[in-house]
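Student: 3D, please:
(one chain, ligands or ions: 2)
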Amino acid sequence: MPAETAEPARRVLPGDQARTLNAYWRAANYLAAGQIYLMTNPLLKEPLRPEQIKPRLLGHWGTTPGLNFIWAHLNRAISMQDLDMMIVIGPGHGGPAALANSWLEGSYSEIYPSVPRDGTGMAALMRQFSFPGGVPSHVAAETPGSIHEGGELGYSLSHAHGAAFDNPDLIVACVIGDGEAETGPLATGWHSNKFLDPARDGAVLPILHLNGYKIANPAVLARIGAGELDSLLRGYGYRPWYVTGDDPAVMHEQMAAAVDEVTAAIRAIWRDARAESGGGADGSAAPVSSDFVPVLPGQTAAGSATAPEMPAAARGHRQRPAWPMIVLRTPKGWTGPAMVDGLPVAGTWRSHQVPLAEVRTNPEHLRQLDEWLRSYRPDELFDAAGRPRPEILTLAPSGNRRLGANPHANGGLLLRDLDLPGAREHAVGVRAPGQTTSEPTRVLGGMLADVMRRNLDQRNFRIVGPDETESNRLHAVIEVTGKTWEADILPVDENLTPDGRVMEILSEHTCQGWLEGYLLTGRHGFFSCYEAFIHIVDSMVNQYVKWLKVSRRLPWRRPVASLNYLLTSHVWRQDHNGFSHQDPGFIDHVVNKKAEVIRVYLPPDANTLLAVADHCLRSRNLVNVIVAGKTPSPDWLDIDAALVHCARGAGIFEWASNDSDGVEPDVVLACAGDVPTIEVLAATDILHQHLPDLAVRVVNVVDLMRLQPVSEHPHGMSDAAYDALFTADRPVIFAYHGYPTLIHRLTYRRAGHEHLHVRGYKEEGTTTTPFDMLVLNDMDRFHLVMDVIDRVPGLGARAARLRQLMTDSRARHTEWIRAHGEDMPEITKWKWPLAAGRSADAPPGAAPRETGGRAIHVPRLR
Ligand SMILES: Cc1ncc(C[n+]2csc(CCOP(=O)(O)OP(=O)(O)O)c2C)c(N)n1
Ligand SMILES: [Mg+2]
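Tutor: Ligands and ions are numbered 1, 2, ... in the order given. Reported below is the predicted structural model:
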């Protein structure tokens, strides 16, 4: 089988291109090694002295020469074929490579004029690297041309695909480390090719860099044998080209041939798909015809028989192309020191970071460094003033074609506003609080469908999710656009289509990576997920927030659309799935992050959800977390009230409160989250009935960050505003959607903190009834009433009977559900009482509530 073999040394490079490529590569290698080691003497005009070496040697050499090699060859292809290309560098720890190349091509100095493309700039470039006050050692937000940090490994392929979606002329070259390829996110990322539409999307060119090693171990894919690797990659649906060796002369020829062929193959795939779908972008003449999966008759994983192929008719649409990729096998630390202290370094894991570690103190290391750097012959590469000699740049592209200057990698430059309908258009009618119910996410689905419809032509809005869009009741969106699917389609399937804009793959990592790549290249999106499982991407979110935090300080990085999460099927409504599906901790996770980037919204009903979602879709450079239920729940606010309430972020539900200005309330019942809001209002109802003289203020918090002090968060509340809302000294019983400690964390400096008593999820859960979830966690209405009785000074003795009734009601509940398998009717049928003299369809407006005189079932004192 045609597995990996070193190609014979074909000559494909005309004229002196091989020499130019090699000179450029030497220059990039020189600049990269110089960044790791040199504080001064960048051009080696004198023999190296210890004091010219950085005291702390921080950087990664091992991956760098391979990255430089790739960059040089991509440059050539871009220039020769006028390609629109971006690069995503999976082993982003090879920061010196990206910096060296950006400086060589000039994009670096354009963004950072203090690092000009001459000797002084070279000195600055080298000195600033991994140096206090300088630039990070990895590819980072500061690095021109990048949308991918690559410090936390695993996300390159999903980022690259996110960038390629809806960019029909863009090729995203994606370097994948052979260690990175062992991560879960990268492994599932290969499947992104089943979601890439050759007719309407661009292309991703994976370049698997088999340098053989990670930090201290061999890489799995470098040691499984050529045949097994080939089968794996073809099994993932790719068509690999192999470039293997260590002789630069041979390697330049091989790599140039491979890059020419894979770019031709991409164009052929585009051309075929676009001809078939009747138009589209570039399909210019290409020497290679496109290929399809499966491409090798009779060839499957080692030793197995060929699997029967699905009949073409069953696929339902054209064949999926086998996208080309390159497997580049070069030595780790290529061109660096071969032996150090008697041990092999180049071509081994020992070259991962700094091959010579004691250059300041060990004269032999210093000598080796001097020899190594001079082996690139810098005087041939740079003129006396330190400028790159023009002849080494002849194959480097110019302007926006440079990999460091492609506008897609600074997506805010390309960002177009969404055409948004606004929340009003999709609002549910609410005549009086709590008389009707809606499924909030279904209502949101209507608005998102409209957003999708209005922006179909712009092709800049996508929704991602791990197989839950319909379960999360956003079905209306799917009806507008369908779900992206390039793999086989059977008659039984519904709504699958190659150009769908709802993207579902059961990999939260891939969803997150796609969306990040899509947003960072200037588009908009929405991620809907079960609340418990969004934790899977905790670490990716960390990285993304770091990226945004840094980007916001870089004036040249234009703002991008926010990353919007809808977390639904949440903890209180996962009673049927049980304990595994109950975890509200993502909020705790994100609030640790930089406050300027994070927003958390807990809309209590459908209209507030619309208001919040509309706001988030208009925002920039943020991570917005919205938590909302999908099951029928009461509509509390009409759209006018919802918009006002969301603008306040936290406010008094006047219609539910019976305190009045001029007198402090006896107790504040606060709530954040849809289910806590129901419970607080139900508890308030009980209090109003049984203790009508108790002045109760109901406060609802939609924007959780309002609880923080202004000094801590841009949405924070002043102490004066906080004290006015929550009082400085009255008991506050706070029912919160998530873990109670978070509310304490956010408010610990507030005057009334010692009077704040928070109920929330305390990790009690199972498969049970919805109300039992509340009882198990002591956040049910009965317990909230008990809390009030216990916390309001002097109330205990006066309300002993009510307290006893509440305890009994909890016991009655437990008994009831065990007997009947569902919640008590007084729970399931409870409604907020209408004010006397009003009917549910009375005109909207102030709805002062009155106690008593209602025909609903509430617990009675016995
Ligand atoms: C998710 C993750 N785990 C661990 C690390 C620590 N780490 C940094 S580099 C590296 C080895 C990377 O190997 P490879 O992808 O082959 O890169 P290269 O050989 O090109 O340096 C590891 C394990 C990391 N950066 N990210
Ligand atoms: Mg490696």
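
Student: and the next element down the chain from the helix or strand where residue 775 lies?
Tutor: For residue 775, the enclosing helix or strand under DSSP states H and E is helix 770-776. Sequence order places helix 781-791 as the next helix or strand after helix 770-776, per DSSP H and E.

Student: Could you pull up the mean pLDDT of the helix holding residue 775?
Tutor: What helix 770-776 shows for mean pLDDT is 97.

Student: Touching that helix from outside, list them.
Tutor: With contacts defined as Cβ atoms under 8 Å, 6 or more residues apart in numbering, helix 770-776 is touched by 571-573, 575, 582, 631, 675, 679, 764-766, 768, 780-783, 810, 813-814, 817, 823-824, 827-828. Just so you know, the C-beta spots here come from the backbone N, C-alpha and C atoms, and that holds for glycine as well.

Student: Now do residue 675 against ligand 1, distance only.
Tutor: The gap separating residue 675 from ligand 1 is 36 Å, by Cβ to the nearest ligand atom, to the nearest Å.

Student: Give me the number of neighbouring residues for that residue.
Tutor: 25 (other Cβ atoms under 10 Å).

Student: I'd guessed it sits against residue 575; true?
Tutor: No. Between residue 675 and residue 575 there is no contact under Cβ atoms under 8 Å: 10.9 Å.

Student: List the residues that contact residue 392.
Tutor: 20, 23-24, 27, 104, 381.

Student: would you say it is within a helix?
Tutor: Yes. Applying DSSP: H, G, I helix; E, B strand; the rest coil, one finds residue 392 inside a helix.

Student: Give me the pLDDT value at it.
Tutor: So residue 392 comes in at 96 (pLDDT).

Student: about what we covered before: buried residues in the helix holding residue 775?
Tutor: Within helix 770-776, the residues that count as buried by 16 or more other Cβ atoms under 10 Å are 770-776.

Student: which is the next helix or strand following the helix or strand of the chain with the lowest mean pLDDT?
Tutor: One helix or strand of the chain scores below all others by mean pLDDT, DSSP states H and E: helix 312-315, with a mean of 48. Per DSSP H and E, the first helix or strand lying C-terminal to helix 312-315 is strand 323-329.

Student: Now the residue in the stretch 401-550 of the chain that ligand 1 sits nearest to: closest residue in space that isn't a chain neighbour?
Tutor: Minimum separation of the stretch 401-550 of the chain from ligand 1 (Cβ to the nearest ligand atom) falls at residue 539, amounting to 7.7 Å. Sequence neighbours aside, residue 152 is the residue nearest to residue 539 in space, at 6.4 Å (criterion: Cβ to Cβ, 6 or more residues apart in numbering).

Student: looking at this, the one you found is in a strand?
Tutor: No. Membership of residue 152 in a strand is not supported by three-state DSSP, which gives coil.

Student: Just the pLDDT at it, thanks.
Tutor: pLDDT at residue 152 comes out at 96.

Student: circling back: can you tell me which of the contacts of helix 770-776 end up in strands?
Tutor: Judged by DSSP state E, strands contain none of the contacts of helix 770-776.

Student: are any of those buried, and which?
Tutor: By neighbour count, with 16+ other Cβ under 10 Å, the contacts of helix 770-776 hold 571-573, 575, 582, 631, 675, 679, 764-765, 768, 780-783, 810, 813, 817, 823-824, 827 as buried.

Student: re earlier: just put the buried residues of helix 770-776 in TSV and tack on distance to ligand 1.
Tutor: As requested, these are exported to TSV (distance: Cβ to the nearest ligand atom, whole Å):
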residue	distance to ligand 1
770	38
771	42
772	40
773	35
774	38
775	41
776	36
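
Student: Pick the one among the residues you listed closest to residue 141.
Tutor: Of all the buried residues of helix 770-776, residue 773 has the smallest distance to residue 141: 41.5 Å, by Cβ to Cβ.

Student: what about that closest one, distance to residue 780?
Tutor: 9 Å (Cβ to Cβ, to the nearest Å).

Student: So which residue is dead centre in the chain?
Tutor: residue 512 (4.0 Å; Cα atoms, centre = their mean).

Student: Specify the local secondary structure of that residue.
Tutor: Assignment for residue 512 (three-state DSSP): helix.

Student: Help me confirm that it comes into contact with residue 542.
Tutor: No. Counting by Cβ under 8 Å, residue 512 stays clear of residue 542, with 11.3 Å between them.

Student: Quick check: which ranges of the stretch 301-450 of the chain have low pLDDT?
Tutor: 301-318 (pLDDT under 70).

Student: and the closest residue to residue 752 other than its chain neighbours, what pLDDT?
Tutor: Computed as Cβ to Cβ, 6+ apart, the closest residue to residue 752 that is not its neighbour in sequence is residue 728, at 5.0 Å. Note on residue 728: pLDDT of 95.

Student: Look at residue 728 and say how many residues are nearby.
Tutor: Using other Cβ under 10 Å, residue 728 is surrounded by 15 other residues.

Student: now it: how far from ligand 1?
Tutor: Counting by Cβ to the nearest ligand atom - residue 728 and ligand 1 are separated by 47 Å.

Student: That residue contacts residue 751, doesn't it?
Tutor: Yes. Residue 728 lies in contact with residue 751 (Cβ under 8 Å); the separation is 4.1 Å.

Student: The one residue in the stretch 651-800 of the chain that gets nearest to ligand 1: neighbour count?
Tutor: Nearest to ligand 1, among the residues of the stretch 651-800 of the chain, is residue 739, at 26.6 Å (Cβ to the nearest ligand atom). Neighbour count of residue 739, defined by other Cβ under 10 Å: 20.

Student: in this protein, what spans have low per-residue confidence?
Tutor: Checking the chain against pLDDT under 70 turns up 1-9, 278-318, 836-862.

Student: switch to 50 and redo it
Tutor: 1-6, 279-289, 294-308, 311-314, 840-862 (pLDDT under 50).

Student: just to revisit the earlier point, would a markdown table of the contacts of residue 392 with distance to residue 588 and secondary structure be doable?
Tutor: As requested, these are exported to a markdown table (distance: Cβ to Cβ, whole Å; DSSP: H, G, I helix; E, B strand; the rest coil):
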| residue | distance to residue 588 | secondary structure |
| --- | --- | --- |
| 20 | 55 | helix |
| 23 | 54 | helix |
| 24 | 49 | helix |
| 27 | 49 | helix |
| 104 | 45 | helix |
| 381 | 52 | helix |
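
Student: most surrounded residue in these?
Tutor: If you count neighbours using other Cβ under 10 Å, the busiest of the contacts of residue 392 is residue 24, which has 28 neighbours.

Student: ok, that residue touching residue 391?
Tutor: No. Residue 24 is not in contact with residue 391 according to Cβ under 8 Å; the separation is 9.6 Å.
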